[in-house]
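Visitor: My questions are about this predicted structure, shown below with the sequence.
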Amino acid sequence: MCGGIKTLHNKVVRASSVNAFAASNCRKHVLLWCCVLCRLDELLTNTDLKMIWTTNELNAGYAADGFCRRQGVGAAVVTYGVGGLSLINAVAGCYSEDLPVILISGGPNSNDFAANHTIHHTIGLPDLGEQYRAFKEFTCAAVVIQHLSEAHHQIDYAISEALRRQKPAYIEVCCNLAGLTDPSFIDPPIPFAINISHTNEQSLKAAVDAAVQVLDKSIKPVLLAGPRLRPRGRREAFLELAKALQCGVATTADGKGIFPEDDEQYIGYYWGGISSEGTCETVEAADVVIAIGCVWTDYSTMGYSLLLQPTKVISVGPDRVTVKGGETFGCIDCEVFMRALANAAPTRRASLRNHRRMTETYEQPAAFAHWPAPAPAGSGDAKLTTRALFRHIQEILTGDTCVLAETGDSWFNTVKLKLPAGADYAIQMRYGSIGWSVGATLGYSLAAQAEGKRLLSFIGDGSFQVTAQDVSTMMRFEANPVIFLINNHGYAIEILIHDGPYNQIQNWDYTALVRAMRHNGQGKLFTARVGTEDELAEALSKALSPECANHVVFIEVLLETDDCSKELLEFGARVASANSRPPNPQ
């Protein structure tokens with residue numbers, strides 16, 4: 001958890017009911033809601049909660065996802081049946097991406113379970129457990145509160161499991177219990193705090209000894225950071241280990257931002273054949289790779305094309321360590337392991353020197369290595385290109401900006417940006433749900449704003465059409481993201497993996513649509529439609545001015561459909577090849 005679990009509860013909240021008790025264990029965090037009627041009346045009395053009303057349940061889930069990425073935990077409340085089942089796709093994404101989001105759903109009257117009643121919002125059968133069973137597949141803990149005396153235990157169990165396992169949890173509350181209290185509800189409640197470390201000291205010592213033995217024999221080890229380093233205090237422990245080893249440090253594409261990119265040990269992102277310059281060669285030529293928090297999927301391995309051999313890898317997961325594809329040590333918290341290894345590891349700088357020899361250049365600053373030089377004078381009215389767009393983006397990044405990228409070519413363009421110290425990066429690579437970014441922008445932006453930071457979101461036109469409505473929610477609750485709508489007339493990533501007429505979309509007037517959401521001047525909004533470099537520069541100047549600091553900024557960027565990154569071309573070909581593998585002989 002960001003800052004540690006004990007920091008979640010710095011105010012006293014009176015727990016007068018089941019709903020209030022559940023909410024008191026999630027407080028300090030913005031909760032993302034859809035309609036649950038009278039259950040929310042209880043929560044409105046809790047002044048420590050800020051409720052954000054989204055336009056639909058799917059976006060509520062995506063918003064809780066985005067908020068959780070920045071703050072470490074999130075929550076969403078929905079109605080039973082039609083609400084919960086609409087939310088479930090976002091919950092599956094949270095499970096895939098290791099996000100402890102607490103889902104609170106309304107439920108039938110407690111008397112209906114035994115009465116064989118068929119009720120509204122269901123599939124028309126008297127079996128009222130279908131939603132609970134559905135959520136069990138996509139959460140680490142799922143409970144249905146039918147008895148007040150069990151509520152205390154069930155709520156504590158669900159939230160504890162979510163925090164301990166970094167996965168979503170599901171709490172269903174019968175509608176006739178939500179406003180009731182019970183003697184088991186301590187008033188005021190004791191602040192919720194658990195010890196989430198679960199390390200076997202003997203296993204830890206054996207794992208550290210085995211890793212040190214391998215590192216002592218190594219010459220050019222590399223540290224590799226993956227996305228499972230984002231939770232709790234793992235980033236700080238990883239940085240401590242990096243400083244002890246003094247070797248080259250790379251991240252996976254979905255681990256971008258975990259290690260400071262202005263640090264002298266940073267050697268780029270590792271993504272097979274589309275890695276940053278010299279990174280793939282340095283990682284795959286290393287005699288030992290300490291891969292911490294990495295998740296290897298067909299996407300992160302470029303269609304299983306990496307040349308990283310398990311026999312050269314010390315693999316560190318959330319709770320176990322495997323040394324060179326052999327000995328495995330369990331019941332070890334990875335944060336504890338990293339700190340222990342940092343105290344025993346030898347210094348090894350060879351991989352860092354090798355990478356520098358491969359990548360030294362005297363032609364242009366490293367921050368702009370991926371992007372073309374500025375356009376010559378008088379050419380600013382030429383059509384805008386993707387490369388020119390992201391050169392401008394690189395120039396406006398600061399330590400107070402965060403970057404969020406939707407599934408598609410935005411992945412490959414934003415991963416090449418050099419993040420200044422303090423900047424952060426969000427991507428949903430494992431689940432890859434097209435449309436995730438709009439709701440996630442809402443939640444992430446609100447969380448970042450509270451820290452004095454501003455979010456830049458890069459969203460494709462096809463993705464935007466899935467979940468566009470909640471730009472209005474951003475205006476309603478005074479979020480201030482800068483949204484770049486990449487209008488290239490279709491699903492570019494799908495076209496490159498497998499093309500067909502189903503990848504073409506009806507083009508919208510996106511700028512006019514967003515303006516329509518600001519009906520009667522309600523909400524602060526700046527919009528622009530840009531098709532040339534001059535227009536982009538002018539729009540960015542206005543968008544980042546003090547006058548628009550508290551506005552939703554929406555910039556529609558007009559690009560050609562085939563104007564995509566070379567990395568997307570290679571990614572599409574490799575993933576298509578992996579998808580088309582023939583079945584094994586039976």
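Guide: Done, it's in.

Visitor: any idea which helix or strand of this protein has the worst average confidence?
Guide: The least trusted helix or strand in the chain, going by mean pLDDT, DSSP states H and E, turns out to be strand 31-33, with a mean of 51.

Visitor: Beyond that one, next helix or strand please.
Guide: Once the chain leaves strand 31-33, the next helix or strand it forms, by DSSP states H and E, is helix 38-44.

Visitor: And that following helix, what does it pack against?
Guide: Secondary-structure packing of helix 38-44 (3 or more CB pairs under 8 Å, 6 or more residues apart in numbering; DSSP states H and E): helix 18-24, strand 51-53, strand 74-78. The C-beta positions use only the backbone N, C-alpha and C, and glycine is treated the same way.

Visitor: and with 6 Å instead?
Guide: For helix 38-44, the packing partners by 3 or more CB pairs under 6 Å, 6 or more residues apart in numbering; DSSP states H and E come out as helix 18-24.

Visitor: same question for the helix it packs on, mean pLDDT?
Guide: Averaged across helix 18-24, pLDDT comes to 58.

Visitor: Repeat that for stretch 299-315.
Guide: Here the average pLDDT along stretch 299-315 is 93.

Visitor: Can you list the buried residues in that stretch?
Guide: 299-303, 306, 308, 312-315 (16 or more other CB atoms under 10 Å).

Visitor: export these to CSV and tack on secondary structure and distance to Asp65?
Guide: Formatted as CSV, the buried residues of stretch 299-315 follow (DSSP: H, G, I helix; E, B strand; the rest coil; distance: CB to CB, whole Å):
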residue, secondary structure, distance to Asp65
Tyr299, coil, 18
Ser300, coil, 19
Thr301, coil, 24
Met302, coil, 25
Gly303, coil, 26
Leu306, coil, 27
Leu308, coil, 29
Lys312, helix, 34
Val313, strand, 30
Ile314, strand, 31
Ser315, strand, 27
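
Visitor: of all the residues you listed, which two lie farthest apart?
Guide: Gly303 and Ile314 (24.8 Å; CB to CB).

Visitor: Contacts only, for Ala141.
Guide: 158, 161, 169 (CB atoms under 6 Å, 6 or more residues apart in numbering).

Visitor: Which residues are in contact with Ala64?
Guide: Neighbouring residues of Ala64 by CB under 6 Å, 6+ apart: 32, 74, 76, 101, 443.

Visitor: Using neighbour counts, trim the residues you listed to the buried set.
Guide: Among the contacts of Ala64, those buried by neighbour count (16+ other CB under 10 Å) are 32, 74, 76, 101, 443.

Visitor: mind listing the strands for the stretch 351-500 of the chain?
Guide: Using DSSP state E, counting those that start in this stretch, the strands of the stretch 351-500 of the chain run over 401-405, 424-427, 454-460, 482-487.

Visitor: Kindly calculate the angle that the third one makes with strand 401-405.
Guide: Orientation of strand 454-460 against strand 401-405 (axes from the mean of the first three to the mean of the last three CA atoms, to 10 degrees) gives an angle of 20 degrees.

Visitor: Repeat that for the last one.
Guide: Computed by the same axes, to 10 degrees, the angle separating strand 482-487 from strand 401-405 equals 30 degrees.

Visitor: So in that sheet, which strands flank strand 482-487, and in what orientation?
Guide: strand 454-460 (parallel), strand 552-558 (parallel) (DSSP bridges).

Visitor: could those strands be laid out in TSV, adding mean neighbour count, distance to Gly325 and mean pLDDT?
Guide: Shown next, in TSV, are those (neighbours: other CB atoms under 10 Å; distance: least, CB to CB, whole Å; pLDDT from 0 to 100):
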stretch	mean neighbour count	distance to Gly325	mean pLDDT
strand 454-460	25	37	97
strand 552-558	23	45	98
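
Visitor: Can you tell me how far Ser580 is from Ile483?
Guide: As judged by CB to CB, to the nearest Å, Ser580 and Ile483 stand 35 Å apart.

Visitor: Those two: which has the busier surroundings?
Guide: Taking other CB atoms under 10 Å, Ser580 and Ile483 do not tie; Ile483 has more neighbours (26 against 9).

Visitor: Can you pull the phi/psi pair for the nearest residue to Gly317 once chain neighbours are set aside?
Guide: Residue nearest to Gly317 in three dimensions, not counting chain neighbours: Cys334, with 6.6 Å by CB to CB, 6 or more residues apart in numbering. Cys334 adopts backbone torsions of phi -70, psi -30, taken as degrees, to the nearest 10.

Visitor: since we're on Cys334, how many residues are nearby?
Guide: Summarising burial for Cys334: neighbours were counted as other CB under 10 Å, giving 23.

Visitor: Tell me the spacing between it and Cys247.
Guide: From Cys334 to Cys247 the distance is 18 Å (CB to CB).

Visitor: residues of the helix or strand containing Phe329 that come out buried?
Guide: Element membership for Phe329 (DSSP H and E) is strand 328-330. By 16+ other CB under 10 Å, the buried positions in strand 328-330 come out as Phe329.

Visitor: Measure how far it is from the centre of its chain, please.
Guide: Mean C-alpha position of strand 328-330 versus that of the full chain (CA atoms, centre = their mean, to the nearest Å) differs by 28 Å.

Visitor: repeat for stretch 149-166
Guide: Once both centres are worked out by CA atoms, centre = their mean, stretch 149-166 turns out to sit 23 Å from its chain's centre.

Visitor: Distance of the residue located most distally from the centre of the chain relative to Glu535?
Guide: Going by CA atoms, centre = their mean, the residue of the chain most distant from its centre is Ala115, 42.5 Å out. Going from Ala115 to Glu535 by CB to CB gives 64 Å.

Visitor: My guess is Tyr62 contacts Ala92. True?
Guide: No. Here Tyr62 does not reach Ala92: they are 11.6 Å apart, not a contact under CB atoms under 6 Å.

Visitor: So if I had to pick from those two, which one is more boxed in?
Guide: The neighbour comparison of Tyr62 against Ala92 (other CB under 10 Å) goes to Tyr62, with 34 against 18.

Visitor: Quick one: classify the more buried one as helix, strand or coil.
Guide: Put simply, Tyr62 is helix when judged by DSSP: H, G, I helix; E, B strand; the rest coil.

Visitor: Next, the contact list for it, please.
Guide: Residues in contact with Tyr62, defined by CB under 6 Å, 6+ apart, are 90, 436, 439-440.

Visitor: how about a cut-off of 10 Å?
Guide: Neighbouring residues of Tyr62 by CB atoms under 10 Å, 6 or more residues apart in numbering: 32, 54, 56, 76, 87, 89-90, 93-94, 428, 433, 435-444, 466-467, 470.

Visitor: In contact with Arg165, which residues?
Guide: If you count contacts by CB under 10 Å, 6+ apart, then Arg165 has 95, 98, 100, 139-141, 196, 318-319 around it.

Visitor: most surrounded residue in these?
Guide: Most surrounded of these: other CB under 10 Å gives Thr139, at 26 neighbours.

Visitor: where's that residue relative to Gln131, distance?
Guide: Distance, Thr139 to Gln131, by CB to CB: 12 Å.

Visitor: shared neighbours, those two?
Guide: The contact lists of Thr139 and Gln131 share 88, 170, where a contact means CB under 10 Å, 6+ apart.

Visitor: now could you export just the CA positions of stretch 236-249 as CSV?
Guide: Output in CSV follows, covering the C-alpha atoms of stretch 236-249 (Å, rounded to 0.1, in the frame of the first residue of the first chain):
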residue,chain,number,x,y,z
GLU,A,236,11.9,1.6,-2.2
ALA,A,237,13.3,-1.9,-1.5
PHE,A,238,14.1,-2.4,-5.2
LEU,A,239,16.0,0.9,-5.3
GLU,A,240,18.0,-0.1,-2.2
LEU,A,241,19.0,-3.4,-3.9
ALA,A,242,20.0,-1.5,-7.1
LYS,A,243,22.2,0.8,-5.2
ALA,A,244,23.9,-2.1,-3.5
LEU,A,245,24.6,-4.0,-6.7
GLN,A,246,25.4,-0.9,-8.8
CYS,A,247,24.6,-2.9,-11.9
GLY,A,248,22.4,-1.9,-14.9
VAL,A,249,18.7,-1.7,-14.2
